[in-house]
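Novice: what's the 3D shape of this:
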Amino acid sequence: MTRKVVSNASPIIYAAKIGFLKSLEKLYGRILISPAVYNEVVEKGVEKKAADAFVIEKAVKEGQLQVVELNERSKAEIKVLTKMPDISAGEAEAIVLARQEEADILLIDERSGTLTARVWGLKTVGLLGVIIEAMYEGIITFEELKTYYNRLIKAEFRLKYRDYAKAMELAEKVWRKLREKRT
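Specialist: As a prediction, the model looks like this:
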């Protein structure tokens, strides 16, 4: 069963930076993004000549990422969300698009956006969790997971040590359970 997935900017940007976009596509298929997220990840990135912006732009052209316009009701909801402290236009649009499209999952890393999305009834997952899910689904190995996590650190992904340690602990538990299943 294909899940409907919407993403905020950060998971896409960092997936592109660490070479994880193809694995993301294998895991979820096409991912929906809002116009503000497209502007942030592609247009502003291309202006800065950021390599990841060109990778993401290619993913949009190939249909891996699809920009979805917001309806009038959603636009009204965005006005409410952007008045909240610590919610950017991109986060607001991603949250509202996930509601509009009745998405199964919203990919988002920022704490305030994640909490807001959950209050609005959305299921969220950050990039660290997505990478664990890719390992669970057999798309990547545990060694590849560790490589992606290390690339995130080198790419200056905003990651507190305790969050990294917690994610690695969870990844190791999942990996052990997978090994037990196979034997």
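Novice: what mean pLDDT does the host helix or strand of residue 152 get?
Specialist: Assigned by DSSP states H and E, residue 152 belongs to helix 142-154. Here helix 142-154 scores 94 as its mean pLDDT.
Novice: tell me which other helices or strands that helix touches.
Specialist: Helices and strands touching helix 142-154, by 3 or more C-beta pairs under 8 Å, 6 or more residues apart in numbering; DSSP states H and E, are helix 127-136, helix 161-182. The C-beta positions use only the backbone N, C-alpha and C, and glycine is treated the same way.
Novice: so, low pLDDT: which residues of this structure?
Specialist: 1, 183 (pLDDT under 70).
Novice: so which residues of it form strands?
Specialist: With strands called from DSSP state E, the chain shows them at 5-7, 31-33, 65-67, 105-107, 124-125.
Novice: the first one: which residues count as buried?
Specialist: Of the residues in strand 5-7, those buried by neighbour count under the rule 16 or more other C-beta atoms under 10 Å are 5-7.
Novice: per the record, what domains does the chain have?
Specialist: 5-127, 129-182 (automatic domain parsing).
Novice: picking that back up, including distance to residue 113, could the strands of the chain go into CSV?
Specialist: Converted to CSV, the strands of the chain look like this (distance: least, C-beta to C-beta, whole Å):
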stretch, distance to residue 113
strand 5-7, 12
strand 31-33, 14
strand 65-67, 19
strand 105-107, 9
strand 124-125, 8
